[in-house]
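> Sequence unavailable; structure follows:
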């Protein structure tokens, strides 16, 4: 039971995913379909964020001894040595080690967060294109119900001419 | 007891002048908030080189301030404050700033988007590079967000309320 | 190589980044160009440069082998790398070349089909689409594939919807494509997420290495593979997932149809190859099962059903769209047999089909441009009214059927040979049957065009009215290319074999 409960994130992901997919396929209204698509994509965001979780990990912001170092630049040479080091090795070819289990600070994995930031932007773009198309369909067909659009197209196909 | 008609006239005149519902409280508070939102956007932006933040978030926050303005004062007023003409050029400018930084790296003999040669050493170079790139992201994200809002907002509403 | 000596060194070293960044940046610039002629010229120049770049890095690749470009100087596996190898170099050339050919054709076509104020955005979206396709083929990073997949898809939705000026059904076609395309891309990204859970890396070569160490990985890798195959299957119009394709091909502007038919599904097929044989490996039991039952099964069913559906279409563009679904079945069959020869044949068919379908759709577009026709019965007498256009259509059509001395014949005979070598005689029979079905649906058009007299309008017979030179040139380039490949197939077969050997090892 506790094992089952420890994976509740994945259960939420699956519920959201299925809800979204079902909404996309079951509803005949263009806006509702887009809403379903959004829910479906959101479930993926949650999945990725779950991947990034390291138990006991801090937010993945490189820190020095303590605090968030609000005094950027003021420290001169004593400034952000860890930051500098990471950037230096990362920009070169050398393999580098991020602070992990062996070090004093434990970070969550930032990579899935970055990835999903991109995916969110992609999702916004898809949604806005979808909504724009819906607006245009509404202007042309005077409806956003798929059945009515298909009926209009069927008549159009039979007659073979513009109305 | 004043004449109710003059009061109504005054209200009409007021709402005509404002162009939308006379929600005084909203207007006053949002006038106070909008500069702060925009300022916070720039805080997030310039915090984004070594800390959490960056162009994406800052761009959305900055666009949110314009969108809030449009929601409170109406789209016409917002378009006066932030002309749609700027949007097209803004989107392109941001992309050129981002891509141009990459091309500059190529010219300096590094890989595309390797900023190491931009400064006196690789750390300074990476720092300047990421600032330039994030500025491009800020401009593009802001203008795209506002463009989406304007595009949907300024569609002529040929649907009356009863149609829905 | 004499050609490579003409190319500056920096283009060879930085070519991969250039190939992807140039159209992205120029798309933004093109969007604000005030004059639609200037917009066309800028697109033309960009695609010409892309073609030269793609050719030179493909030749360079043939000389020096796999090259890895480190984006931003960040070394893989942590940084994003751009990889050019024998598998993706031909696809890169194909995409760049098709974009160039389509842009020439687009100059007259957009005048007829796109509103003047939409032309600059049209070219911008076209460049974005090209950038996305090139990016998803060249990148070595699995998540980057998703990003570029969506860049190309989203601009494709816009391009398809721009057909609304001609036919309002383009809007609902674009909407359906958007819904299914987004679901496909989301499935793909779920798969990448599971793969990341399993391997902890996003670099495809690194993923392949770790999966091999894990001997195929746990259940997570299996789930990942399933999601990736379904997601890409939606994108490449694998048989039951193809429902978006006929509408999107039939109602989008004609240059877009030709470009999509010859590149978009091909790039997705390339990704399927990359994931099944490079990241995963057919030696894992679950991959072999999917190849054997899903890809071959769906491929064969799709070949037969989509060919039958094509026969019963009244709209020629829909007919060719269904034929595309059937042809994807050939490629899936080749991939599914999973021997070096069959994968090479499938890959060859991928390249050849792009040339053939591009030519067919360009010819159809020219017919729409002159007479506004897409329906089967309107094709009567086109052999007399548009002899050159119909000639290009005929050559490409015969190549689609697989008549000897054409590109279609080379790839079909290779595929049949590979199937026979593997002992899959029933697959050879299916290839024969679907070729006959292709003969029926292409033959119907040819019969109407050549053996019926032109229709009479207002008492006079429709006069000869040939397409403009800017349309004839691209379609005849592709038609002649398919004959050239049919006569002298060494280079193409060599490229396909090298690609298959990279995936499966020699022999």
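That came through fine. All of these numbers come straight from a predicted model, not from anything done at the bench. Numbering: from 1, shown residues only, chains lettered A, B, ... in the order given.
> Now do residue 150, the pLDDT please.
I'll assume chain A. Residue A:150 is assigned a pLDDT of 86 by the prediction.
> should've been chain C
Model confidence at residue C:150, expressed as pLDDT, equals 94.
> Secondary structure element for the residue lying closest to it once chain neighbours are set aside, which one?
In space, and not counting its chain neighbours, residue C:150 is closest to residue A:122: 4.5 Å by Cβ to Cβ, 6 or more residues apart in numbering or on different chains. Placement of C-beta: from N, CA and C, glycine included. With secondary structure defined by DSSP states H and E, residue A:122 is part of helix A:110-141.
> name the helices or strands packed onto that helix?
helix A:30-52, helix A:146-159, helix B:122-153, helix C:142-161, helix C:169-199 (3 or more Cβ pairs under 8 Å, 6 or more residues apart in numbering or on different chains; DSSP states H and E).
> Distance of the closest residue to chain B within the stretch 201-350 of chain C relative to residue A:107?
With Cβ to the nearest Cβ as the measure, residue C:203 is the residue of the stretch 201-350 of chain C nearest to chain B, at 16.2 Å. Note on residue C:203: its distance to residue A:107, by Cβ to Cβ, to the nearest Å, is 21 Å.
> ditto for residue C:75
Residue C:75 is 21 Å from residue A:107, where distance means Cβ to Cβ.
> Repeat that for residue C:325.
48 Å.
> For these two, indicate the residue with more neighbours.
Neighbour tally, residue C:325 and residue A:107, criterion other Cβ atoms under 10 Å in any protein chain shown: the higher count belongs to residue C:325, 26 against 18.
> which residue is nearest the middle of chain B?
Here the mean C-alpha position of chain B is nearest to the C-alpha of residue B:63 (Cα atoms, centre = their mean), at a distance of 2.6 Å.
> what's the burial count for the closest residue to residue A:38 other than its chain neighbours?
Excluding the flanking residues, the one nearest residue A:38 by Cβ to Cβ, 6+ apart is residue A:127, at 5.9 Å. Neighbour count of residue A:127, defined by other Cβ under 10 Å: 18.
> same thing with residue B:108?
Neighbours of residue B:108 under the rule other Cβ under 10 Å: 13.
> Wait, it touches residue B:118, no?
Yes. Here residue B:108 reaches residue B:118: they are 7.4 Å apart, a contact under Cβ atoms under 8 Å.
> Wait, a strand at residue C:69?
Yes. Using DSSP: H, G, I helix; E, B strand; the rest coil, the assignment for residue C:69 is a strand.
> Walk me through the regions of the chain where pLDDT falls short of the threshold, as ranges.
You didn't say which chain, so I picked chain A. Low-confidence regions of chain A, defined by pLDDT under 70, span residues A:1-4, A:61-105, A:159-163.
> ah, no, chain C please
C:1-2, C:506-507.
> Tell me the residues of it that contact chain B?
Counting by Cβ under 8 Å from any Cβ of the partner chain, the residues of chain C close to chain B are C:10, C:14, C:17-18, C:21, C:24-25, C:27-29, C:31-32, C:69-74.
> after the strand or helix carrying residue C:391, next one along is what?
Taking DSSP H and E as the definition, residue C:391 sits inside helix C:387-401. Following helix C:387-401 in sequence order, the next helix or strand is helix C:407-421 (DSSP H and E).
> tell me what that following helix is packed against?
Helices and strands touching helix C:407-421, by 3+ Cβ pairs under 8 Å, 6+ apart, are helix C:316-337, helix C:340-371, helix C:387-401, helix C:425-451, helix C:469-487, helix C:490-504.
> Tabulate these (TSV), appending distance to residue C:3.
Formatted as TSV, these follow (distance: least, Cβ to Cβ, whole Å):
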stretch	distance to residue C:3
helix C:316-337	30
helix C:340-371	20
helix C:387-401	27
helix C:425-451	36
helix C:469-487	18
helix C:490-504	14
